[in-house]
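1. based on what follows, work out the 3D shape:
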Amino acid sequence: MLSRYEKRRLREIEAWFVQDDPRFAEYVRTGVNAHPGGNLVRTLNTLVGIGLVVVVLGSLAGLPLMVFIGICCAIGALASGSWLRWKRRQNSG
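-> Numbering: from 1, shown residues only. Now for the predicted structure:
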């Protein structure tokens, strides 16, 4: 919980932003995501990383099926990311 002083100070800071940079104040107020799909990209990058870790662990353990699953995971995530980039270019242009 914020004290009265902290609440008043936050209102002063918000008023300053509105006066100084209204576009930034509106951006902060609405919370518009500058990078739509950022979570999806992060997820795909994580899947690539997991796939590579599984490949290394499968290689060290001598388990070809584990290596194959890791390769499929990494390639699938890379292909999905490439397809999404291509689709965004098609929609924007």
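
2. just how off-centre is stretch 82-93 within its chain?
-> Using C-alpha atoms, centre = their mean, to the nearest Å, the mean C-alpha position of stretch 82-93 is found 17 Å from that of the whole chain.

3. and what of stretch 55-70?
-> Offset of stretch 55-70 from its chain centre (C-alpha atoms, centre = their mean): 28 Å.

4. mind listing what's buried in it?
-> V55, G58, M66, V67, G70 (16 or more other C-beta atoms under 10 Å). C-betas here are computed from N, CA, C, even on glycine.

5. go on, stretch 13-26?
-> Burial within stretch 13-26, assessed by neighbour count using 16+ other C-beta under 10 Å, is assigned to F17, A25.

6. so what does the helix or strand of the chain with the lowest mean pLDDT touch, helix or strand wise?
-> For the chain, the helix or strand with the lowest mean confidence is helix 22-30, at a mean of 80 (criterion: mean pLDDT, DSSP states H and E). Packed against helix 22-30 by the contact rule (3 or more C-beta pairs under 8 Å, 6 or more residues apart in numbering; DSSP states H and E) you find helix 4-20.

7. now do the helix it packs on and helix 22-30, the angle between them.
-> 130 degrees (axes from the mean of the first three to the mean of the last three C-alpha atoms, to 10 degrees).

8. contacts for helix 4-20, please.
-> Contacts with helix 4-20, where a contact means C-beta atoms under 8 Å, 6 or more residues apart in numbering, come from L2, F24, A25, V28.

9. sorry, back to before: in TSV: the buried residues of stretch 55-70, plus distance to G76, pLDDT and secondary structure.
-> As requested, these are exported to TSV (distance: C-beta to C-beta, whole Å; pLDDT from 0 to 100; DSSP: H, G, I helix; E, B strand; the rest coil):
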residue	distance to G76	pLDDT	secondary structure
V55	13	96	helix
G58	16	96	helix
M66	16	96	helix
V67	15	96	helix
G70	11	95	helix
